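In: Quick one, what's the 3D model for this:
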Amino acid sequence: MPNRSDRIKKGLERVPHRALLYATGIPKSEMKKPFIGVATSFTDLIPGHIGMRDLERFIEKGVHSGGGYPMLFGLPGICDGIAMGHKGMHYSLPSRELIADIVESVSEAHAFDGLVLLTNCDKITPGMLMAAGRLNIPTIVVTAGPMMTGRYRGQRTSFIRNTFEAMGRFRTGEISKEELDSCESGACPGAGSCQGLYTANTMACLTEVLGMSLPWCGTALANSADKRRIAFDSGERIVELVKKKITPRKIMTRAAFENAVRADMALGGSSNTVLHLLAIAHEAGVELPLDAFDELSKTTPHLTSLEPVGEFYMEDLHWAGGMAAVLKMLGSRIKDNPTVSGKRLKAIIEGVDFIDEKVIKPVDKAYHAEGGIAVLKGNIAPLGAVVKQSGVSDKMMRFTGKARCFDSEEAAMKAILGKVIQAGEVVVIRYEGPKGGPGMREMLAPTATLMGMGMGDSVALITDGRFSGGTRGPCIGHISPEAMEGGPIAFIKDGDTIELDIPNRKIELKISDEQLKARQQNWKAPKPKIKEGWLARYAKVVTSANTGAVVKG
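Out: Purely as a prediction, here's the structure:
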């Protein structure tokens with residue numbers, strides 16, 4: 001059976017194409033081998049990606065050993081932590097679409113036979129997986145691994161608690177300037193994705209569960225020998241996937257997505273994974289409605305307590321047995337499915353011979369009977385809203401408060417730091433959705449500052465924007481439809497009563513239907529916040545969060 005790359009290297013009419021290929025230095029002996037595109041998101045800008053030059057070498061070695069010819073090409077990356085809290089965050093979620101489009105463009109233009117996708121951080125991993133589902137050519141994903149924790153006076157430190165939440169603690173006088181400076185310089189000691197179960201690491205774990213990366217890849221630490229070997233094995237394995245014509249849609253089935261959702265619920269992972277799994281499923285041609293997350297959550301226990309909510313870190317999850325151990329604890333809830341390793345998922349699970357039950361609890365000792373994420377609905381969010389319920393205290397699982405409304409993150413942040421927000425209030429941040437933002441910015445700074453100021457058990461926050469994987473507390477995001485589309489969140493007024501009932505999956509504005517309808521009739525969409533550049537175009541075609549914020553032409 002012919003390879004895809006034959007279209008650029010075989011036949012008389014391809015003399016010019018071969019001439020250009022030879023100009024790259026490829027030996028004639030390699031022209032008969034499968035061409036493997038290695039999409040690398042190496043950059044000096046992101047801690048999770050600075051170590052990728054090393055992994056590129058090992059992937060190349062593996063591809064050569066497997067009988068293929070590797071060709072590297074680069075992809076952009078945005079660090080959410082650095083982009084957060086200013087104009088840069090508008091670009092983060094939309095960059096997911098750019099990354100998928102770039103992988104598609106280069107792969108189709110250069111007719112690769114297979115792909116190795118080297119990735120790590122928040123929007124880059126889902127963007128690459130979206131491309132894999134869309135292209136449906138043999139693909140394997142290598143995530144570059146989590147960062148080790150820092151140390152300060154005998155205590156482990158990490159990005160969210162020791163930087164964002166430290167801002168609030170310093171503001172209230174709980175820590176000194178010296179302690180703040182130590183947090184700033186020592187929380188992130190080197191290469192790798194941020195140490196807790198934030199979006200990057202949650203997506204790395206779910207990529208493994210989906211079957212798109214090799215066992216242990218989701219948790220193996222950055223700069224480790226384990227990660228080098230996984231990179232090498234992935235390079236070698238992709239050639240076999242090409243030979244056997246094993247494509248992503250044979251692996252990313254509905255069963256694979258259900259397994260990934262259950263794994264997410266068991267971990268108590270980032271709420272951003274809802275957006276990303278919906279978008280990846282869309283590209284892979286798999287029907288995965290938002291309600292499926294809630295249905296699966298109700299029958300999936302929460303088994304781990306990882307930072308930012310709990311006491312453990314990604315390094316602990318790795319040594320506790322990794323993702324296969326988590327899946328083994330879930331037992332019959334997990335469905336068998338093929339993986340890029342050549343082993344079926346059940347066979348990988350059966351090979352688990354050690355689980356540290358301090359880190360990964362048995363089902364009968366679960367932290368919570370339900371999974372980490374819940375989908376709420378009500379007259380504020382008729383199409384749904386998402387909350388990381390594993391990060392909400394028992395006291396705040398039901399909460400009624402008065403609305404304090406803001407039309408941007410900046411306005412809300414100013415009020416929080418100015419100590420304007422009072423106990424018993426619900427902070428409403430709107431016009432920050434996919435279209436209204438544009439780009440659906442993360443609200444980590446407001447949520448972390450509220451937690452750092454000790455208001456996590458007295459103030460709730462709702463938004464049509466989204467939250468960082470590091471967010472904890474009573475924070476409800478992804479409210480759909482968003483305000484810019486005339487969703488009901490646009491009609492809330494200061495002083496309105498808002499009721500949150502997470503156990504019963506409700507979010508309600510306590511006014512009559514007649515009042516709500518009257519407010520809707522008087523509403524006019526505000527002018528777009530960004531009127532130039534590609535984000536202006538993005539805002540015209542992006543959908544609300546309940547669909548995964550996918551772009552539809």
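
In: hmm, who's touching the top helix by length along the chain?
Out: Determined from DSSP state H, the single longest helix within the chain is helix 225-244. With Cβ atoms under 8 Å, 6 or more residues apart in numbering as the test, helix 225-244 has contacts from 3, 34, 36, 38, 54-55, 58-68, 70, 113-116, 118, 138-142, 144-145, 213-214, 216-217, 220-221, 340-342. Just so you know, the C-beta spots here come from the backbone N, C-alpha and C atoms, and that holds for glycine as well.

In: repeat for stretch 258-267
Out: Applying Cβ under 8 Å, 6+ apart, the set of residues contacting stretch 258-267 is 197, 202, 205-206, 209-210, 269, 273, 277, 292-293, 296-297, 300-304, 306, 323, 326-327, 329-330, 333-335, 337, 345, 370-373.

In: And the longest helix of the chain, what's buried?
Out: For helix 225-244, burial by neighbour count (16 or more other Cβ atoms under 10 Å) applies to 227-228, 230-243.

In: and F112, what is it in contact with?
Out: Listed by Cβ under 8 Å, 6+ apart, the contact set of F112 reads R4, S5, F35, I36, G37, M71, V106, I137.

In: If you rank those residues by neighbours, which is first?
Out: Neighbour counts for those, by other Cβ atoms under 10 Å, peak at I36, which reaches 30 neighbours.

In: Quick check: bridge partners of that one?
Out: Beta bridges link I36 to P70, G114 when assigned by DSSP bridges.

In: Pretty sure it sits against L72.
Out: No: with contacts counted by Cβ atoms under 8 Å, I36 stays clear of L72, the gap being 9.7 Å.

In: Name the nearest residue to D6, ignoring sequence neighbours.
Out: Distance criterion Cβ to Cβ, 6 or more residues apart in numbering; nearest residue to D6, sequence neighbours excluded, is A111 at 7.8 Å.

In: Quickly note the distance from the one you found to S234.
Out: 21 Å (Cβ to Cβ, to the nearest Å).

In: same deal with S95?
Out: Counting by Cβ to Cβ - S95 and S234 are separated by 24 Å.

In: what do you get for I46?
Out: Using Cβ to Cβ, we find I46 at a distance of 20 Å from S234.

In: just A225 next, same as before
Out: Applying Cβ to Cβ to A225 and S234 gives a distance of 15 Å.

In: Then R537?
Out: With Cβ to Cβ as the criterion, R537 and S234 are 35 Å apart.

In: so which helix or strand takes in the nearest residue to G371 once chain neighbours are set aside?
Out: Nearest non-adjacent residue to G371, counting by Cβ to Cβ, 6+ apart: M265, 2.3 Å away. Assessed by DSSP states H and E, M265 sits inside helix 254-267.

In: List the buried residues for that helix?
Out: By 16+ other Cβ under 10 Å, the buried positions in helix 254-267 come out as 255-267.

In: so where's the stretch 351-500 of the chain uncertain?
Out: For the stretch 351-500 of the chain, the stretches with pLDDT under 70 are 470.

In: can you pull out the helices in it?
Out: Secondary structure of the stretch 351-500 of the chain (DSSP state H, counting those that start in this stretch): helices at 409-417, 444-452.

In: I'd like to check the angle between the last one and helix 409-417, please.
Out: An angle of 10 degrees separates the directions of helix 444-452 and helix 409-417 when computed by axes from the mean of the first three to the mean of the last three Cα atoms, to 10 degrees.

In: Can you tell me what sits against helix 444-452?
Out: 84-85, 160, 164-172, 409, 412-413, 416-417, 421, 427, 429, 456, 459, 461, 467-468, 470-473, 475.

In: Which among the residues you listed count as buried?
Out: By 16+ other Cβ under 10 Å, the contacts of helix 444-452 give 84-85, 160, 164-171, 409, 412-413, 416-417, 421, 427, 429, 456, 459, 461, 467-468, 470-473, 475 as buried.

In: Filter these down to the ones in strands?
Out: V427, I429, L461, C475 (DSSP state E).

In: Among those residues, which one sits closest to K524?
Out: I429 (19.7 Å; Cβ to Cβ).

In: Measure how buried the residue nearest to the closest one when sequence neighbours are not counted is and give me the count.
Out: The shortest distance from I429 to any non-neighbouring residue, by Cβ to Cβ, 6+ apart, is to T463 (4.1 Å). Neighbourhood size, T463 [other Cβ under 10 Å]: 31.

In: before we move on, what about G196?
Out: Considering only other Cβ under 10 Å, G196 is surrounded by 27 other residues.

In: just I26 next, same as before
Out: Residues near I26, counting by other Cβ under 10 Å, number 16.

In: follow-up on the earlier one: model confidence over the longest helix of the chain, on average?
Out: Across helix 225-244, the average pLDDT comes to 98.

In: how far away is R4 from L72?
Out: 18 Å.

In: And for R7?
Out: In terms of Cβ to Cβ, R7 sits 21 Å off from L72.

In: Could I get the contacting residues of the residue sitting nearest the centre point of the chain?
Out: In the chain, the C-alpha nearest the mean C-alpha coordinate belongs to T199, at 3.8 Å (Cα atoms, centre = their mean). By Cβ under 8 Å, 6+ apart, T199 lies in contact with D80, D122, S270, N272, T273, H276, S468, G469.

In: Among those, which lie within helices?
Out: D80, N272, T273, H276.

In: these two touch, right, the second one and G465?
Out: No: using Cβ under 8 Å, N272 makes no contact with G465, being 11.1 Å away.

In: what sits in contact with each of the two?
Out: E442.

In: what ranges do the helices span in the stretch 1-150 of the chain?
Out: Counting by DSSP H, counting those that start in this stretch, the helices of the stretch 1-150 of the chain are 6-9, 15-23, 52-66, 80-83, 92-109, 124-135.

In: Let's have those helices in TSV, adding distance to G486 and mean pLDDT.
Out: Formatted as TSV, these follow (distance: least, Cβ to Cβ, whole Å; pLDDT from 0 to 100):
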stretch	distance to G486	mean pLDDT
helix 6-9	47	96
helix 15-23	51	97
helix 52-66	43	98
helix 80-83	28	88
helix 92-109	21	97
helix 124-135	28	98
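
In: Buried among the contacts of helix 225-244? Make that a PyMOL selection.
Out: Of the contacts of helix 225-244, the buried ones go into a single PyMOL selection, burial set by 16+ other Cβ under 10 Å:
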select buried, resi 3+34+36+38+54+55+58+59+60+61+62+63+64+66+67+68+70+113+114+115+116+118+138+139+140+141+142+144+145+213+214+216+217+220+221+340+341
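
In: What's the separation between S544 and T471?
Out: 20 Å.

In: Model confidence score at the residue nearest to the centre of the chain, please.
Out: 92.

In: excluding its backbone neighbours, what's nearest it?
Out: T199 sits nearest to G469 (Cβ to Cβ, 6+ apart), 3.7 Å away.

In: go on, K365?
Out: E357 (7.6 Å).

In: Any idea how many residues pack against the one you found?
Out: For E357, the neighbour count with other Cβ under 10 Å is 13.

In: now D513
Out: Counted with other Cβ under 10 Å, D513 comes out at 8.

In: Next up, the contacts around it.
Out: Residues near D513 by Cβ under 8 Å, 6+ apart: N379.

In: for L55, what are its contacts?
Out: L118, V142, A144, K227, R228, A231.

In: Turn the residues you listed into TSV, columns for distance to Y91.
Out: Formatted as TSV, those follow (distance: Cβ to Cβ, whole Å):
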residue	distance to Y91
L118	21
V142	25
A144	21
K227	28
R228	32
A231	28
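
In: tell me which of those residues is nearest to P248?
Out: V142 (14.6 Å).

In: ok, that closest one touching T125?
Out: No: using Cβ under 8 Å, V142 is not in contact with T125, being 10.3 Å away.
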